[in-house]
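J.: only geometry, no sequence info:
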């Protein structure tokens, strides 16, 4: 009987806060932390009351008035106990956190291997890109893989991982498959490994990505490769960069945990490129019709938009960068080397290669994070 009373009281509380949120107009349509749209108060549907109840349940979970507060308290407690609140991250040594979004840790342990079909699919999609740009349109096509943090810093993985020497079978199999199809990857992972002890930390402790120093090393290796074909291509040297130490917000803590600010920041040495007065244009769904930014919500997946960055002071070539989030830290450096950068996302992007050709790209760079190698990359209509 007592249990029923508590259960009913909880339901009344949950429903009451949801209804209160509706009438008080405090509901939100976007969760920045979760990077998704939230369920709004359901309207009547033709499917009837049972479907409305299901929608209301989703609404109640999304618009629960104390959701952020309860998440923060719960996740902060777990953080203090060094216990993961989600399966997509793993705690390492000395405060390090690793991305486990694509079962990266099991890949490292050799327990999760890509299927032959998956490797063939990834190779086929990238090959279609190469054929379209390099063979059909005579535009050089270059691909490089941005290495996951655990590949570069396995020494900071959890203590129980010491028994594993590191298994890079998936990465090696993808690279081997690409090579057999005539696609050679730039050796960015090897370059990062070679220089990881020379310049200090190259990745953020509590984030998935490389920091500005890791991004610069990738940028420098990319430009060195391109200078074989474009000897006059400008390359920013380390001496031209501004170096300073600051506190950087860490994306694992701020986006996944919703923790207090004290746990969200880490002191980091930054390499900053000289300021460029670049012009940026954003287009919707790959169609080059400039959009009114006031009418679009860029807080969810800004990657779906095609972006053009122009540096009027540069006489460098025009580059199409097919990319994911690892390219973000590279952009300040790339602006100095290219007169125009066309940005499209290979997973979320909605783009038309024929429209993009109208911008006359002279180079195509395909950047993909190691953890995205087995995802279904967007295949544009190359017909």
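T.: Structure's in. What do you need? Since the structure is predicted, the reported quantities are computational estimates derived from the model, not experimental observations. Residues are numbered from 1 along each chain as shown.
J.: does the closest residue to residue 141 other than its chain neighbours sit in a helix, a strand or a coil?
T.: Excluding the flanking residues, the one nearest residue 141 by Cβ to Cβ, 6 or more residues apart in numbering is residue 134, at 4.2 Å. Backbone N, C-alpha and C define where each C-beta goes, glycine included. Residue 134 falls in the helix class when you classify it by DSSP: H, G, I helix; E, B strand; the rest coil.
J.: For residue 134, give me its contacts.
T.: Counting by Cβ atoms under 8 Å, 6 or more residues apart in numbering, residue 134 makes contact with 140, 141, 364.
J.: Tell me the one of those nearest residue 273?
T.: residue 364 (22.6 Å; Cβ to Cβ).
J.: Mind giving me the packing neighbours of the helix or strand encompassing the closest one?
T.: Following DSSP states H and E, one finds residue 364 within strand 363-369. Judged by 3 or more Cβ pairs under 8 Å, 6 or more residues apart in numbering; DSSP states H and E, strand 363-369 is in contact with helix 116-130, strand 141-146, strand 318-323.
J.: neighbouring contacts of the last one?
T.: It refers to strand 318-323. 129, 133, 139, 327, 334, 338-346, 349, 356, 359-368.
J.: quick one, strands of the stretch 101-250 of the chain?
T.: For the stretch 101-250 of the chain, applying DSSP state E, counting those that start in this stretch gives strands covering 141-146, 185-186, 242-249.
J.: could I get these as TSV with mean neighbour count?
T.: As requested, those are exported to TSV (neighbours: other Cβ atoms under 10 Å):
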stretch	mean neighbour count
strand 141-146	22
strand 185-186	18
strand 242-249	12
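J.: Confidence-wise, which of these is weakest overall?
T.: Comparing mean pLDDT across the strands of the stretch 101-250 of the chain, the weakest is strand 242-249, with a mean of 85.
J.: count of neighbours near residue 136?
T.: Neighbour count for residue 136, taken as other Cβ atoms under 10 Å: 11.
J.: helices or strands up against the host helix or strand of residue 332?
T.: Assigned by DSSP H and E, residue 332 falls within helix 331-337. On a contact count with 3+ Cβ pairs under 8 Å, 6+ apart, helix 331-337 meets helix 212-226, strand 340-345.
J.: Can you give the contact residues for that helix?
T.: 212, 215-216, 219, 223, 233-236, 272-274, 276, 278, 309, 311, 314, 316, 319, 321, 341.
J.: low pLDDT regions in the stretch 151-300 of the chain?
T.: 162-168, 250-264, 284-300 (pLDDT under 70).
J.: the helices in it, which residues?
T.: 169-180, 188-195, 212-226, 251, 261-264 (DSSP state H, counting those that start in this stretch).
J.: end-to-end on stretch 311-328?
T.: In stretch 311-328, first residue to last residue: 17 Å (Cα to Cα, to the nearest Å).
J.: Now restrict the contacts of strand 318-323 to buried residues only.
T.: 129, 133, 139, 327, 334, 338-346, 349, 356, 361-368 (16 or more other Cβ atoms under 10 Å).
J.: What does the pLDDT read for the residue nearest to residue 316 when sequence neighbours are not counted?
T.: Nearest non-adjacent residue to residue 316, counting by Cβ to Cβ, 6+ apart: residue 338, 4.5 Å away. Here the pLDDT value assigned to residue 338 is 97.
J.: cool, and residue 32?
T.: In this model, residue 32 carries a pLDDT of 56.
J.: ok, the contacts of residue 134 vs residue 178, which is closest?
T.: Closest to residue 178, out of all of those and judged by Cβ to Cβ, is residue 141, at 11.6 Å.
J.: Bridge partners for that closest one, pull those for me.
T.: Beta bridges link residue 141 to residue 364, judged by DSSP bridges.
J.: Can you get me a residue count around the residue nearest to residue 274 when sequence neighbours are not counted?
T.: Excluding the flanking residues, the one nearest residue 274 by Cβ to Cβ, 6+ apart is residue 240, at 6.4 Å. Residues near residue 240, counting by other Cβ under 10 Å, number 12.
J.: distance of residue 240 from residue 120?
T.: According to Cβ to Cβ, to the nearest Å, residue 240 stands 43 Å off from residue 120.
J.: Equivalent analysis for residue 325, please.
T.: On the measure of Cβ to Cβ, residue 325 and residue 120 end up 26 Å apart.
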